[in-house]
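Colleague: task: produce atomic coordinates for the following.
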Amino acid sequence: MKKYFFLFLTIAAFISFNGTDLFSQKSTPKKDVSSFFIDSTLAKKHLYILASDEMEGRKTGTPGIEKAAKYIENEFKNIGLTTFEGLNSYRQTFTFTNRRIKEEITSANIIGVLEGKSKKDEFVIISAHYDHLGIIKKEGQLDSIYNGANDDASGVTAVLVLANYFKTKNNNERTLIFVAFTGEEMGLIGSTHFGKGIDASKFIAGINLEMIGKTPSFGPNTAWLTGFERSDFGEIIQKNLVGTGYQLFPDPYNNFNLFFRSDNASLARLGVPSHTFSTTPIDVDKEYHQASDEATTLNMTVITQTIQAVAKGTESIIKGIDTPTRVVIEEKK
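Modeller: Predicted coordinates:
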């Protein structure tokens, strides 16, 4: 009996040393990005409210997007963010002409600020667009509300959750500017307006979130980044995610020109290393720009883990340790 007991201890020691459970065939868990700090219940609340029928699809210039604007404003206030320079509220209101129907529309970017400590004059912007397509009635289609849950209530959810997280942590050396942009679906209207009024040299990085509610083609615990090759922003994120079990990949959809199709482009054109995080396999996504883009089609685990990965991946930039290289946009001749 003692011989068998000694043999068992020897095997157990070997198992422990190698970090592997031979009976379950599972390796000892790595540090998992899902195991820390982001409240999935809070994320779900934001997503389901922003993508609800009450918001009527959040089309720019409609009562529906006004409801969304008020919700985001109220959340910024509850979190304790301050207003952006030159503004007396969270709204950056402006009027533009809709190029398609030649109609003047008044709308607003919603902006909240968390001042930095030692590098408060260096800015990191965390953004997503809160507009979508509104109500579109088609013959034979029962649902006419284009809720835009993935596009881009999921991104705005991330902005709100990250604002709450960084306010609680209270260790950002650089100033964080949280923005919900309007008019993205009409041609990056809100982010273009924002870019006209800033000193781009003070903006260290742009963290844009777009469609983060579905499992990527790379598999679980992954996301992809637009314009990966245009600065070393993505490499910094990859470095910070080592050991978390989460991976960031370059945008696999080169033919879609996605770097220039979301709000990051408005700042990138000014030289800011501004990139978009996404998880959606856009080439096969059946809900893209459809009335079926509803909150129930999204994976809350994917959303929560992506928000956590963005927080962890950008940590060294927000703390002032890393500074991404500037983006250079070659002008067409």
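Colleague: contact partners for Gly116?
Modeller: 122, 172-176, 320 (C-beta atoms under 8 Å, 6 or more residues apart in numbering). Glycine gets a C-beta too; all of them are placed from N, C-alpha and C.
Colleague: now do the same end-to-end measure for stretch 68-88.
Modeller: Across stretch 68-88, the terminal residues are separated by 19 Å (C-alpha to C-alpha, to the nearest Å).
Colleague: go on, stretch 259-279?
Modeller: 14 Å.
Colleague: returning to that earlier point: most neighbours of all the contacts of Gly116, which one?
Modeller: Counting neighbours by other C-beta atoms under 10 Å, the top entry in the contacts of Gly116 is Arg174, with 24 neighbours.
Colleague: for that one, which residues make a bridge with it?
Modeller: Lys119 (DSSP bridges).
Colleague: wait, it sits on Leu114?
Modeller: No - the pair Arg174 and Leu114 fails to qualify as a contact (C-beta atoms under 8 Å) at a distance of 9.7 Å.
Colleague: hmm, which helix or strand of this structure has the shakiest average pLDDT?
Modeller: Least confident helix or strand, the chain: strand 20-21 with a mean of 32, by mean pLDDT, DSSP states H and E.
Colleague: give me the residue at the spatial middle of the chain.
Modeller: Leu209 (2.5 Å; C-alpha atoms, centre = their mean).
Colleague: check what pLDDT it gets.
Modeller: Note on Leu209: pLDDT of 98.
Colleague: that one contacts Val159, doesn't it?
Modeller: Yes - with contact defined as C-beta under 8 Å, Leu209 reaches Val159; the gap is 6.7 Å.
Colleague: re earlier: okay, and the beta partners of the residue nearest to the centre of the chain?
Modeller: Assigned bridge partners for Leu209, using DSSP bridges, are Phe277.
Colleague: who's in contact with it?
Modeller: So Leu209 contacts 126-128, 152, 154-155, 158-159, 276-278, 310 (C-beta under 8 Å, 6+ apart).
Colleague: out of these, which comes closest to Met186?
Modeller: Closest approach to Met186 among the contacts of Leu209 (C-beta to C-beta): Asp152, at 13.6 Å.
Colleague: would you say that closest one is within a strand?
Modeller: No - counting by DSSP: H, G, I helix; E, B strand; the rest coil, Asp152 falls outside a strand, being helix.
Colleague: so what's the residue count around it?
Modeller: Residues near Asp152, counting by other C-beta under 10 Å, number 34.
Colleague: list the contacts for it?
Modeller: Contacts of Asp152 (C-beta under 8 Å, 6+ apart): 128-130, 132, 184, 209-211.
Colleague: mind checking the SS state of Val124?
Modeller: strand.
Colleague: quick one, what contacts it?
Modeller: 172, 174-177, 203-207, 314, 317-318.
Colleague: could you dump these into JSON lines with secondary structure and distance to Phe256 added?
Modeller: Formatted as JSON lines, these follow (DSSP: H, G, I helix; E, B strand; the rest coil; distance: C-beta to C-beta, whole Å):
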{"residue": "Asn172", "secondary structure": "coil", "distance to Phe256": "33"}
{"residue": "Arg174", "secondary structure": "strand", "distance to Phe256": "31"}
{"residue": "Thr175", "secondary structure": "strand", "distance to Phe256": "33"}
{"residue": "Leu176", "secondary structure": "strand", "distance to Phe256": "29"}
{"residue": "Ile177", "secondary structure": "strand", "distance to Phe256": "27"}
{"residue": "Phe203", "secondary structure": "strand", "distance to Phe256": "25"}
{"residue": "Ile204", "secondary structure": "strand", "distance to Phe256": "27"}
{"residue": "Ala205", "secondary structure": "strand", "distance to Phe256": "23"}
{"residue": "Gly206", "secondary structure": "strand", "distance to Phe256": "19"}
{"residue": "Ile207", "secondary structure": "strand", "distance to Phe256": "20"}
{"residue": "Thr314", "secondary structure": "coil", "distance to Phe256": "24"}
{"residue": "Ile317", "secondary structure": "helix", "distance to Phe256": "26"}
{"residue": "Ile318", "secondary structure": "helix", "distance to Phe256": "29"}
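Colleague: what's the closest of those residues to Pro220?
Modeller: Using C-beta to C-beta, Thr314 comes nearest to Pro220 of these, at 20.9 Å.
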